[in-house]
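Asker: Would you be able to build a 3D model of this:
(chains A and B)
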Amino acid sequence: MKEINIFSLTGMFAENKDTAAKLRKEVIDIAIENGEKIIIDFKKVDSSTQSFIHALISNSFQKLGENALEIFEFKNCSHSVKTLIRAVINYSLE
Amino acid sequence: MSKLHIPNSIALRNFDSIFQGNDFIFDKNVDISFHPTYVAMHPVGIAFYAALQDYWTENGITRNASINPDIKSIPYLQRMGFFNCMGFRDPKSIKSHDETGRFIPLKKITNGQELESFIKTIDPILHTSRDNSRAIKHVFSELIRNVLEHSESRFGANVCASYNKKKKKILIGISDAGVGLKQSLRKHHSIKSDEEAILKAITPGITGSTKRIGGNEQNAGAGLFFTKSIAKATRNHFLIYSGTSYFKLLTSKAGSQIEYIPDPKKDRAKIKNNLPYFHGTLVGIDIHISDEKAFNNLIENIGKAYQLGVKNTQKDYYKRINFT
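Answerer: Sure, this is the predicted structure:
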């Protein structure tokens, strides 16, 4: 199981897409290859942007389809972050 | 010698005043004149002239200006950084005021780190709380990242804003002197005109990073659609000007139904072509700041519109997403 703490990388407003892309390539993609579950912890993150969440998780949901729902756990999300994750997952799953 | 006239009022409502007596064709020297009695300027105007300044610097164009120092709005323009951005000294000596709670003076942002630092200053500068500044931060982040990723301007993004506390309304201007939307989108899309480029840029699912509708792993092609929709949700203007065209979302009356339409041609908007050529891209937006609930509803609705526009589906996986 791989746990990622977003606040330690972005602070309270998670918007840096480069950070999101780096996490995707260097942590998420590798964990998926290794068959690990992924916990993304948004504790202390107040809000984010659609672009950040997209760069972080959209590719995994597009590639794995609904199976990705079993792999990812989103922990300690504020209402705003939940709304953004829901929007990105809904449009990423075809 | 080429000329640039700065009119007495520039806002999103009357944006066309920026074209009065101007062709934006510049030779080696520009003579700048101001309206003799009053200059009221929305941040979109300040951002626009900052981008012209970048263009002049890039092309070795010099400028002269004369201004009546008794113009009432000079202190505001000075505090917004307008004269400095044009390469001039401030015309007047004024008492320094604390800008906190009123405006964000013009700033150049050239990389992601500067953007991160800038966003951290929004709440303290505008005296907003986290609950009501989420939409503002979202708009700034999406628009500035667009500039950094697509404009190819070495000067980065010109950003400024002013805040009307009584009306709880923030006015934002963001510009660049980069390649413009047409050239940027042409890398992956067949684009014939500036109007087509602007309409494609605000259509959900279209990005300058790939020809694939829906974007790629890095870009969804949703940033400008979300931004335009935030203006629409708060019944305000949104303007985007690049090359010889602009698109301006018009305001709507309180109580009328708000629809998040993927096709920008169906928006209540004004599209103008054959305008003086602007090298780069300019975005102006007015938004009312709102509470967390309003922001969440907004993101939910805009997300649904994006999903419907790009994937033609309304399936909601919310109950199956593992939130703990």
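Asker: tell me the SS of A:Ile39?
Answerer: Under DSSP: H, G, I helix; E, B strand; the rest coil, A:Ile39 falls in the strand class.
Asker: count of neighbours near it?
Answerer: A count of nearby residues for A:Ile39, using other CB atoms under 10 Å in any protein chain shown, gives 18. The C-beta positions use only the backbone N, C-alpha and C, and glycine is treated the same way.
Asker: thought it was touching A:Ile4?
Answerer: Yes: A:Ile39 is in contact with A:Ile4 according to CB atoms under 8 Å; the separation is 7.0 Å.
Asker: so how far is chain A from B:Asp131?
Answerer: Between B:Asp131 and chain A the distance is 9 Å, computed by CB to the nearest CB, to the nearest Å.
Asker: Determine the number of other residues adjacent to that residue.
Answerer: Number of residues near B:Asp131 (other CB under 10 Å) recorded here: 16.
Asker: Residue of chain B closest to chain A, please.
Answerer: When scored by CB to the nearest CB, chain B has B:Gly303 as its residue closest to chain A, at 2.7 Å.
Asker: Now that residue: which helix or strand?
Answerer: B:Gly303 belongs to helix B:292-311 when assigned by DSSP states H and E.
Asker: name the helices or strands packed onto that helix?
Answerer: When contacts are defined as 3 or more CB pairs under 8 Å, 6 or more residues apart in numbering or on different chains; DSSP states H and E, helix B:292-311 packs onto helix A:79-92, helix B:134-146, helix B:223-233.
Asker: Of all those helices, which one comes closest to B:Ala65?
Answerer: Relative to B:Ala65, the nearest member of those by CB to CB is helix B:134-146, separated by 28.2 Å.
Asker: residues in contact with the lowest-mean-pLDDT helix or strand in chain B?
Answerer: None of the helices or strands of chain B scores lower by mean pLDDT, DSSP states H and E than helix B:292-311, at a mean of 79. Under the criterion CB atoms under 8 Å, 6 or more residues apart in numbering or on different chains, residues A:47, A:50, A:79-80, A:83-84, A:86-88, A:90-91, A:94, B:131-132, B:134-135, B:138, B:203-205, B:213-214, B:220-222, B:225-226, B:229-230, B:233, B:260-263, B:290, B:313-314 lie in contact with helix B:292-311.
Asker: Looks to me like B:Val30 is in a strand.
Answerer: Yes: under three-state DSSP, B:Val30 sits within a strand.
Asker: tell me the pLDDT at it?
Answerer: We have a pLDDT of 94 for B:Val30.
Asker: got it, and the one 3 residues further on?
Answerer: At B:Ser33 the predicted local confidence, pLDDT, stands at 90.
Asker: For it, give the beta-bridge partners.
Answerer: Taking DSSP bridges as the rule, B:Ser33 bridges to B:His5, B:Ser66.
Asker: report the longest strand in chain B, please.
Answerer: As assigned by DSSP state E, the longest strand anywhere in chain B is strand B:278-288.
Asker: Now find how far off-centre that strand is within its chain.
Answerer: 2 Å (CA atoms, centre = their mean, to the nearest Å).
Asker: what are the pairing partners of it, and which direction each?
Answerer: Strand B:278-288 pairs in its sheet with strand B:169-176 (antiparallel), strand B:238-243 (antiparallel), by DSSP bridges.
Asker: where in the chain is pLDDT low?
Answerer: Reading this off chain A. Flagging of chain A using pLDDT under 70 yields the residue ranges A:94.
Asker: I was thinking of chain B, sorry if that wasn't clear
Answerer: Chain B contains residues with pLDDT under 70 at B:96-101, B:290-293.
Asker: what residue lies at the spatial centre of it?
Answerer: B:Val283 (2.4 Å; CA atoms, centre = their mean).
Asker: contacting residues for that residue?
Answerer: The contact partners of B:Val283, taken as CB under 8 Å, 6+ apart, are B:Val44, B:Leu143, B:Ile172, B:Gly173, B:Ile174, B:Ser175, B:Thr227, B:Phe238, B:Leu239, B:Ile240.
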